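Student: Give the three-dimensional model of this entry:
(chains A and B)
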Amino acid sequence: MKRSTNLIVINCNNKAFVFLRKEQSNSGLGFKFIKNKKLIISKLLCFFNLKSGFAFLLYFLSCVVLSAQFETNYTPIEISGEIPPRFYQSLKGMTQIDILLEDEGVSRRRRKDFSTKTSFTLREIFLSGSIYYNDPCTPYVREVTKKIAAGLPDGENIDVFVSRFVSPNAAIWQDGTLIVNIGLLARLENEAQLAFVIAHEIAHYENKHAFLQYVRKQKPANIQKRALDNLKANVAYTQKNEIEADAFALELLNKVGYDSRVGARAIELIMSDKTAGGIQEVGTALDILATDWCGDLEASTYMGQDRHEAHHFARKMLQERRTKIGTNGTSNEGLFLVSENDFEQINGMAQFELIENYFREADYVSALYRSVMLQKIHPENQYLEGKIVESLFQLYLYKKRGGMRRLLKTNRENYLTTDLSRLSCFMNKVEEATLKGITATYLKRQYERHGTEQEIIAISTAKYTELVSGRDAAKAHFEHYIKYFPYGKHYLYAKQRIKMK
Amino acid sequence: MKMKIKSCYYRVSNIGFFIFIGIFILSMLGACRGALHVDKTRGFKSKKTNIGKIVCIDPDFELLTTTGKRKTKRQYKRASAKEIQLNNILVRNAQKNNLTLELVDTELLLPSDTEYFSQLAPLKHEILQVSFLQDFMTKKKRKNRQKVFNRYEKGPVIGSHFSYLADEYGTPYFAVQGITAHRKPSNGPLTYYYTIIADVVRAEIVYREIRKIDAPASDINLNALVYDSFNIISK
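Tutor: Okay, here's the model as predicted:
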């Protein structure tokens, strides 16, 4: 029997579907594979002739699955379905912003140059696969944006997307494309804080800050891109622009009915990490002795410079903004105007997606730290156990191959909290044998518990064994993987590993 | 390409002599336009990969211009037009080297092509990231970066969860290719050509090359670069 891929369509926005595809090459029996997933769904719906009832049932099931999945497991968001029109437009570099900027008294050539840079920068971001679509987060963020931008003259032009970027930030382009990072959704505490950040970005758009800075040669045309994936993003605009945007945002929040006092707290959350203080948890989970941790000074300077110092300017600017908002804020009621449940759901999901994206960006230290911290809330979550195993394996791999320093240096922008600095410092100075011991102990414990249930733990064990004891020793583990996960994503890899001499 | 011209002893009239020299110079200029020095001195110690089919994920073309004020500008529109030319060159030279090239061009993406975002964009991201993070070259080697060829036996490791793609695309080899052309007022034009090939079943990068030439990214130059590259890959 020929092995082929499972087809799993999980679209939490609408419903959840799971299809298993088995193709028998000799007899021709089994399900025929149709690539267009929507086609399968519609064919099934037609077959049952119960489109609305069936869809409702699936929606209900998906909601149940979604709320329960955080307890025991989590399935990362997979991009599926047809590319939405606005997304497709940006993808093709068809962004048009000339008309909006006609009244600024700037030459046509400059406007065109700005427009070209904007559209190509957006195109690159969209093509990189860093933007979610048909996902459960975007519709909610859109609802909040719609609420805020309802009374604005250019409000209809604003279109929101959620990105995979881990930095707690958002950015808006002069064509109205607003990108909110998953890192921001994971950090905020309520809808009003999200509304504040969105309103702040809308202020930049309404006041054409990006364009004016470009015209005055203060900043290049693509500052927003850097703002998205860099923590120094907060210095993307001038401080004057930022304070102006804050004032606009507070006014807008008051008008709509959100509690504008949350603005100061939102900036506080962007500045600092609420998971801070959990280094002992990591020590307990991974059996690391308290004496092995780096001291605060060593942790902040082991890369050659004080990273906290390097971000001092950005922090100072944020602090100034926070103080101004604190004095200007009023006391309206209203933390949730769209939906509190939806916010909780999105926020919970963003915590997991953040780990997934840290891992995607090869920031294994942050992925490890956040997984351990989230495990405090969901102790039985298999996804988190898998991510800890994978992160530990990757860190050991880099240690063994001599690339740990480069790995840590690449991600040093993310290690701004004391805990992450100390963990990354530990990973830098730890001996290979010690890290091997930590990885082996954790892996063994998890393998005994979930070796036959969890794909990641099974394949990580096989890879780890191969790295430590050679291919022959790992053969049994690869065979174990093939036996228990015949439709797994690592199947061909495991099969090839067994065949290799 | 080095040529040694032997002395000629022909008795010709003065006019005839000048006509001959003129034609000779013109023909030499014509022949030398776009001629390229390709270093083939470095051999590969590891065994051959026998690559027959490659899926090339959206080749990039980056065009940079540094002006007198040391400001570097990206020329998006010209680069976009050049990207189409590069794609044609890649396809043409793959055919010449009996290499099956499945080129995924994002210019031709349709709203239904969601596989690009769920499968190929993450793979491209992974290949580029791993190639950077696991680039454990010594400083001495890094200095001579313009001609870097690696055919790995134990190459940089990528995630094994991409191995299922080999089934869907009919090959385990996925390539990230591109050109970065930089025009500086002081140094003249520079062109970098890179190819990174990952074997998704082995979960490794199996081949990588970076070439630098002190010439513009013209069709003739790119043709020569790509032909030579594919010639090495297909062997």
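Student: quick one: the strands in chain B?
Tutor: Applying DSSP state E to chain B gives strands spanning B:53-57, B:60-66, B:72-74, B:100-104, B:147-151, B:173-184, B:188-199, B:204-213.
Student: Which one of these lies nearest to chain A?
Tutor: strand B:72-74 (7.9 Å; Cβ to the nearest Cβ). Every C-beta, even on glycine, is put in place using the N, C-alpha and C of the backbone.
Student: three-state assignment of the residue nearest to B:Pro122 when sequence neighbours are not counted?
Tutor: Distances taken as Cβ to Cβ, 6 or more residues apart in numbering or on different chains put A:Gly129 closest to B:Pro122, at 5.6 Å, once the chain neighbours are dropped. Assigned with DSSP: H, G, I helix; E, B strand; the rest coil, A:Gly129 falls in the coil class.
Student: pLDDT value on A:Gly129, please?
Tutor: pLDDT, the model's per-residue confidence, is 91 for A:Gly129.
Student: Help me confirm that it comes into contact with B:Phe117.
Tutor: Yes: checked against Cβ atoms under 8 Å, the pair A:Gly129 and B:Phe117 is within contact range at 5.1 Å.
Student: Packing partners of the strand or helix carrying A:Val282?
Tutor: Using DSSP states H and E, A:Val282 sits in helix A:279-286. Under the contact criterion of 3 or more Cβ pairs under 8 Å, 6 or more residues apart in numbering or on different chains; DSSP states H and E, helix A:279-286 touches helix A:364-375, helix A:418-429, helix A:432-450.
Student: Neighbours of A:Asn254, how many?
Tutor: When neighbours are counted by other Cβ atoms under 10 Å in any protein chain shown, A:Asn254 registers 16.
Student: That one and A:Gly263, how far apart?
Tutor: Separation of A:Asn254 from A:Gly263 (Cβ to Cβ, to the nearest Å) stands at 11 Å.
Student: which stretches of the stretch 401-501 of chain A have low pLDDT?
Tutor: Within the stretch 401-501 of chain A, no stretch has pLDDT under 70.
Student: run the last query once more with 90
Tutor: A:401-403, A:412-421, A:449-453, A:500-501 (pLDDT under 90).
Student: Kindly report the same for the stretch 251-400 of chain A.
Tutor: A:254, A:259-282, A:284-285, A:287-334.
Student: what ranges do the helices span in it?
Tutor: A:262-271, A:279-286, A:296-301, A:307-310, A:312-328, A:340-360, A:364-375, A:382-401 (DSSP state H, counting those that start in this stretch).
Student: for the ones you listed, which one sits closest to B:Ala215?
Tutor: Smallest distance to B:Ala215 across these (Cβ to Cβ): 36.2 Å, for helix A:382-401.
Student: Distance from the chain centre to that closest one, please.
Tutor: Computed by Cα atoms, centre = their mean, to the nearest Å, the chain-centroid distance of helix A:382-401 equals 19 Å.
Student: swap in stretch A:121-131?
Tutor: Distance of stretch A:121-131 from the chain centroid (Cα atoms, centre = their mean) equals 14 Å.
Student: what's the burial count for A:Asp246?
Tutor: Number of residues near A:Asp246 (other Cβ under 10 Å) recorded here: 22.
Student: Quickly list what's touching both of A:Gly129 and B:Phe117.
Tutor: Shared contacts of A:Gly129 and B:Phe117 (Cβ atoms under 8 Å, 6 or more residues apart in numbering or on different chains): A:Ile79.
Student: How about chain B: which residue is closest to chain A?
Tutor: For chain B, Cβ to the nearest Cβ, closest residue to chain A: B:Ala121, 2.9 Å.
Student: Within range of chain A, give me the residues from chain B.
Tutor: Contact residues (Cβ under 8 Å from any Cβ of the partner chain) of chain B with chain A: B:58, B:74, B:76-77, B:80, B:106-107, B:109, B:111-114, B:116-118, B:121-122, B:124-125, B:129-130, B:132-136, B:157, B:160-164, B:166-168, B:172, B:200-203.
Student: and A:Leu152, what does it touch?
Tutor: A:Leu152 touches A:Ile202, A:Glu206, counting by Cβ under 8 Å, 6+ apart.
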